[in-house]
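Student: Any chance you could fold what I've pasted below:
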Amino acid sequence: MIRILKNLSTKFSHMVNRLQNHVIFYSRFSSQTGVKNCYLCNERTNKNRYFCDECNQDLPKLNTKCWSCCLPMVLETQASVTDTLLCGECISKPPSFSRTFCVFKYEFPINTLIRQIKYSSERYWLNPITSTLISEIITSTQGIKPYPLPDLLTPIPIHKSKKKIRGYNQAELIAKKLSKKLGIPTANNILIKTKNTETQAQLNKQQRLINLKGSLAITTKKSQFDLIKGRHIALIDDVMTTKATCELASKLLLDSGASRVDVWCLARTPKENSRTSNNQS
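Tutor: Below is the predicted model of the structure:
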């Protein structure tokens, strides 16, 4: 179980205190001996599982959420939750994308793991987080109204200068893992980041829209552009915050001939008042 106030296991203390060498050594040792341990608390897990049952239960999963944008929602009544539950914003102004798949709230420890993936080259955290997203997508294809898997995966791009410094685009890494498990091809060069925008983490929605203006474009290469027409495309990203980036990318793809655009991401940021309320409780 995730217990911050208690002594932390090797792996989990690494997540908080950044003891990278200990984690890598232990992960390699565990894989070589056939022992499977929880990535967060180091307890023994079931075979082929990344998290033990208790840690898995403690993760900030998105249970009640908007069908369209995956915004975390709190129901004040006991009304039954349907597959088409929508937030007020998606009702008043439907987004260009059709549906979002996301499994976690952008809260501890998921927010810490994603930041370490992006800024500390700790890419091994992608496996346990992405596997949960894959499971939800697969489950959705098996219901009464099965979800039609997209024809193509397209990661949200980052500017070439930022990619040069970081060494990778985390959205591309996520797309690669999804592609391998689901058998859907990936196109990394359909969307192009044309402007090196400032980090959006501390910006509100209006500021994000201004920051993003003119920052994305569709490729001019015919071989890539032809992949868009008539295709159902899933945009891949790590976190959705205000929908601004995904909305811009979706419009570009739809205007270029895509038949449908969905969004697949690892985490969704709650509204500010929701985060404040959660922190106070």
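Student: mind listing the helices for the stretch 1-150 of the chain?
Tutor: With helices called from DSSP state H, counting those that start in this stretch, the stretch 1-150 of the chain shows them at 10-17, 20-33, 53-58, 88-92, 110-119, 126-140.
Student: residue ranges of the strands in the stretch 101-250 of the chain, please?
Tutor: 104-105, 152-155, 191-193, 216-218, 232-240 (DSSP state E, counting those that start in this stretch).
Student: Of these, give the one that comes closest to residue 93.
Tutor: strand 232-240 (15.8 Å; C-beta to C-beta). C-beta coordinates here come from the backbone N, C-alpha and C atoms, glycine included.
Student: Please name every helix or strand in contact with the closest one.
Tutor: helix 110-119, strand 152-155, helix 170-182, helix 244-255, strand 260-268 (3 or more C-beta pairs under 8 Å, 6 or more residues apart in numbering; DSSP states H and E).
Student: ok, now how distant is residue 124 from residue 39?
Tutor: Distance of residue 124 to residue 39, computed by C-beta to C-beta, to the nearest Å: 9 Å.
Student: Between the two, which is the more surrounded one?
Tutor: A count of neighbours by other C-beta atoms under 10 Å puts residue 39 above the other of residue 124 and residue 39, at 26 against 15.
Student: Need the CA coordinates for stretch 104-114. CSV is fine.
Tutor: C-alpha atoms of stretch 104-114 as CSV (Å, rounded to 0.1, in the frame of the first residue of the first chain):
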residue,chain,number,x,y,z
PHE,A,104,-5.9,8.1,-14.0
LYS,A,105,-6.4,11.5,-12.3
TYR,A,106,-3.3,13.6,-12.5
GLU,A,107,-2.7,13.2,-8.8
PHE,A,108,-0.1,11.6,-6.6
PRO,A,109,1.6,9.3,-7.3
ILE,A,110,0.7,9.3,-11.0
ASN,A,111,1.6,13.0,-11.4
THR,A,112,5.0,12.3,-9.9
LEU,A,113,5.6,9.3,-12.1
ILE,A,114,4.7,11.2,-15.3
